[in-house]
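Colleague: below are the sequence and a predicted model for it; my questions follow.
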There are 2 protein chains.
Amino acid sequence: MSKITITDVARRANVSIKTVSRVVNGEPNVRDGTRERVQQAILDLDYRPNPSARSLATQRSYLVALIYDDPDAYEAPSCGYVVNLQQGLLSACNTRGFDLLIHPANYRDPKALENIGKMIAHARPEGVVLAAPLSNMPDVVATIEDSGTRLIRLSPGPCATGQFVETDDAEAAQAMTSYLASLGHRRIAFVRGHAKHSAVQLRLSGYKAGLRASGLDLDPALIVDGDNSIASGENAAAQLLALEQPPTAVFAANDDMAAGILRTASRFGVSVPDQLSVAGFDDISLAQQIYPALTTVRQPLRAIAYRAGEMIIDDVQGTHEDNVIPAEIVVRESTAPLARKH
Amino acid sequence: MSKITITDVARRANVSIKTVSRVVNGEPNVRDGTRERVQQAILDLDYRPNPSARSLATQRSYLVALIYDDPDAYEAPSCGYVVNLQQGLLSACNTRGFDLLIHPANYRDPKALENIGKMIAHARPEGVVLAAPLSNMPDVVATIEDSGTRLIRLSPGPCATGQFVETDDAEAAQAMTSYLASLGHRRIAFVRGHAKHSAVQLRLSGYKAGLRASGLDLDPALIVDGDNSIASGENAAAQLLALEQPPTAVFAANDDMAAGILRTASRFGVSVPDQLSVAGFDDISLAQQIYPALTTVRQPLRAIAYRAGEMIIDDVQGTHEDNVIPAEIVVRESTAPLARKH
DNA sequence: CAGACGAATGACAGCGCTGTCGCTTTTGTC
DNA sequence: GACAAAAGCGACAGCGCTGTCATTCGTCTG
């Protein structure tokens, strides 16, 4: 319980408290000698400004809130999502003297909206980062915007208005396709996901763009349908492997389907990655648990959250481009260079 | 940005600001009529006390910090741990007007200790909850204690001093053993874990106590060694199933070994749970992903964290018993009543 | 070297709340 | 009905900081 106040520092440095305040806040118009004297006194006394006093005087909270979905029971995937967002936001906050408030909100709870409003009215964060899937819900968005608090939405989906940060699924899919091509693969198949998810469309178009960019032709026989389930991945693989000219690489629109492909390959005695490269999308926890561990696309959650924190704290808008963070390709064991024909 | 202050409320209710303060803080010596008038004014104006002003005046922070290990990359298990602790602590905080500060600390980082000190000096939480495995590290504990902040450790292991909250592994193992016995099983095997983990000893003794409590004799042939790995579970199961009188239920000291048992059973054509019941310990995420989903023991992380929050905020010590939270048995598909002999 | 102007510094009043203390009213007692 | 004790309430001074504005200092002009 450091009881050192600005007055103690001022006395020791033989200046007024206002000058100490100037030094602490990096304000101009302090002579170098004075500044050093004050800094020394701060060091000597181990002075820490009292955040409450500062907040009270400035009428600011130095707080950022992160609101995310809180399923009753946390399954592995969603909790990795949350924790990584927290990390990223936290590092943006900490380097700027801000603190992070976390607010899990279960949107199935009728009082969730009320609770969000309460939290904002109580803690008065300077901005709110809203994680998916909440970032896509009009009433949640409206509640926050009505409070007058700055809002950054994460991956809010197509046609988003307001400020947001997201990754470009199409670009990521293109990158993965190009990566497979760079391994020497010429026949790269794509397993489409559930038609309802708009992201799935983007991934397909990214695949096509990737082929184009790598100078490969699109073979319609190499695009098969799936519904995001493991089983649909198994079927898709069976279909592809039965082709006269089967692919040497398969890119699935999500990890579950990729896992299904792995299963079928093993059943067919096709060895991965020697005879077939397989790539997924999402980097769910399963991806590194299965064998062979899955090469996949991962959203850079920490970077996304960091960017969102920056936007709030530094009060920047950023161009659209600044706010689209490229996804990472995570290379694991399920992909390899094309084996030489013998 | 509600700009309503205590003065506005006082004016509207025609009382002094001090009386409003009394009502807000539930202090005595306010006539019922007055209290109601003030409460109505608060409602009308939608008044929210300014936490910074309150903190400044009371010299309290109304903050609790949760410090936990932050591996560079989050694997599923540890992040479920963290998120559940956050939940539990958050609910303790929210019902009492407290806020939660989260502080991931990577103990492999040489600056971790310094960062913890900084955080405490800066934010001045009223108490710190220290999660495992940090709760077991003397230098981390010392750093926090030296700061004069109240510290509650989670599962600090044997011989803990100071205040802590934990579960009793022995009791939990006993409960699971009794549960298996209650299903009619008479020959219940136990797969011991890695000898180094002290918890594993407790689990073994709990198993023995459970047998005793259920009136079953201990058969040394039914206790086999493992080393906490999946492979060791496979071996242990092979050994047990080869017995002249094989067990009808196996209780493994952790989930990984239980998963191994499941594998061997499947290889031996022994159907689980029809012919063999299998139980694990820990409830790792794998437990509900495998088939059949594993009956296991789960630490009630939310309850543990909630209790820790209570201790800090309500400033209670609690007897040893209050601070040992019983684990939950999670019944899934891998256990069933003993099949009638035919 | 006087005058002017900007840089450097300090005095002081809040920010919105609670703690202390004193005053007034009510309640209880015989 | 008089008096003490307790309950109810308000005035006011902080809590530790920053914003405003006044003041002093230093430097540069002609």
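Modeller: Noted; the coordinates are in hand.

Colleague: for the most centrally placed residue in chain A, give me its contacts.
Modeller: When Cα atoms, centre = their mean is applied to chain A, the residue found nearest the centroid is residue A:301 (2.2 Å). Applying Cβ atoms under 8 Å, 6 or more residues apart in numbering or on different chains, one finds that residue A:301 lies in contact with A:81, A:84, A:85, A:88. (Glycine included, C-beta is placed from N, CA and C.)

Colleague: give me the helices and strands touching the least confident helix or strand in chain A by mean pLDDT, please.
Modeller: When each helix and strand of chain A is scored by mean pLDDT, DSSP states H and E, helix A:286-289 comes last, with a mean of 82. Secondary-structure packing of helix A:286-289 (3 or more Cβ pairs under 8 Å, 6 or more residues apart in numbering or on different chains; DSSP states H and E): helix A:255-268.

Colleague: one step back: next SSE downstream of the least confident helix or strand of chain A?
Modeller: Using DSSP states H and E, the helix or strand that follows helix A:286-289 in sequence is strand A:296-298.

Colleague: can you confirm whether that next one lies near chain B?
Modeller: No: counting by Cβ under 8 Å from any Cβ of the partner chain, chain B is not contacted by strand A:296-298; separation bottoms out at 10.6 Å.

Colleague: what pairs with that strand, and is each one parallel or antiparallel?
Modeller: Looking at strand A:296-298 with DSSP bridges, its partner strands are strand A:328-330 (antiparallel).

Colleague: average pLDDT for the partner strand?
Modeller: For strand A:328-330, the mean per-residue pLDDT is 94.

Colleague: contacts for that strand next, please.
Modeller: For strand A:328-330, the external contacting residues (Cβ under 8 Å, 6+ apart) are A:172, A:175, A:176, A:179, A:283, A:287, A:295, A:296, A:297, A:298, A:300.

Colleague: how about a cut-off of 6 Å?
Modeller: Defining contact as Cβ atoms under 6 Å, 6 or more residues apart in numbering or on different chains, one finds that strand A:328-330 is touched by A:175, A:176, A:179, A:283, A:296, A:297, A:298, A:300.

Colleague: ok, and the most crowded of the residues you listed?
Modeller: In terms of neighbours by other Cβ atoms under 10 Å in any protein chain shown, these top out with residue A:296 at 29 neighbours.

Colleague: for that one, name its beta-bridge partners.
Modeller: Applying DSSP bridges, one finds that residue A:296 bridges with residue A:330.

Colleague: so it sits against residue A:287, correct?
Modeller: Yes: between residue A:296 and residue A:287 there is a contact at 5.1 Å, judged by Cβ atoms under 6 Å.

Colleague: which residues are common contacts for those two?
Modeller: Contact criterion Cβ under 6 Å, 6+ apart; residues shared by residue A:296 and residue A:287: residue A:255.

Colleague: show me the helices in chain A, by range?
Modeller: Along chain A, the segments classed as helices by DSSP state H run A:6-13, A:17-24, A:32-45, A:51-58, A:76-94, A:112-123, A:138-146, A:169-182, A:198-213, A:230-241, A:255-268, A:286-289, A:301-313.

Colleague: using PDB, write out every CA atom in the shortest one.
Modeller: Spelled out, it's helix A:286-289. Taking C-alpha atoms only, helix A:286-289 is exported to PDB below (Å, rounded to 0.1, in the frame of the first residue of the first chain):
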ATOM      1  CA  LEU A 286      -8.700 -30.800 -32.600                       C
ATOM      2  CA  ALA A 287      -6.400 -29.700 -35.400                       C
ATOM      3  CA  GLN A 288      -3.200 -30.200 -33.400                       C
ATOM      4  CA  GLN A 289      -4.500 -33.200 -31.500                       C
END
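
Colleague: tell me the confidence at the nearest residue to residue A:332 once chain neighbours are set aside?
Modeller: Nearest residue to residue A:332, sequence neighbours excluded (Cβ to Cβ, 6 or more residues apart in numbering or on different chains): residue A:293, at 3.9 Å. pLDDT, residue A:293: 93.

Colleague: kindly report the same for residue A:122.
Modeller: You'll see residue A:122 listed with a pLDDT of 93.

Colleague: phi, psi of the spatially closest residue to it that is not a sequence neighbour?
Modeller: In space, not counting the residues next to it along the chain, residue A:122 is nearest to residue B:48; the distance is 5.8 Å by Cβ to Cβ, 6+ apart. Backbone torsions for residue B:48, taken as degrees, to the nearest 10, come to phi -130, psi 120.

Colleague: distance check, residue A:19 against DNA strand D.
Modeller: From residue A:19 across to DNA strand D, the span is 9 Å (Cβ to the nearest atom of the strand, to the nearest Å).

Colleague: then residue A:153?
Modeller: In terms of Cβ to the nearest atom of the strand, residue A:153 sits 29 Å off from DNA strand D.

Colleague: swap in residue A:229?
Modeller: The gap separating residue A:229 from DNA strand D is 56 Å, by Cβ to the nearest atom of the strand.

Colleague: neighbours of residue A:18, how many?
Modeller: 10.

Colleague: swap in residue A:59?
Modeller: Counted with other Cβ under 10 Å, residue A:59 comes out at 11.

Colleague: show the pLDDT at it.
Modeller: The predicted structure lists residue A:59 with a pLDDT of 94.

Colleague: now do the contacts for it.
Modeller: Per Cβ under 6 Å, 6+ apart, neighbours of residue A:59: none.

Colleague: swap in residue A:181?
Modeller: Taking Cβ under 6 Å, 6+ apart as the criterion, residue A:181 is in contact with residue A:214.

Colleague: switch the cut-off to 10 Å
Modeller: Residues near residue A:181 by Cβ atoms under 10 Å, 6 or more residues apart in numbering or on different chains: A:188, A:210, A:211, A:213, A:214, A:215, A:216, A:249, A:338.

Colleague: enumerate the residues of the stretch 151-300 of chain A near DNA strand C.
Modeller: By the rule Cβ under 7 Å from any atom of the strand, no part of the stretch 151-300 of chain A lies against DNA strand C.

Colleague: give me the neighbour count for the closest residue to DNA strand C within the stretch 151-300 of chain A.
Modeller: At 23.5 Å from DNA strand C, residue A:151 is the closest residue in the stretch 151-300 of chain A, using Cβ to the nearest atom of the strand. If you count neighbours by other Cβ under 10 Å, residue A:151 ends up with 23.
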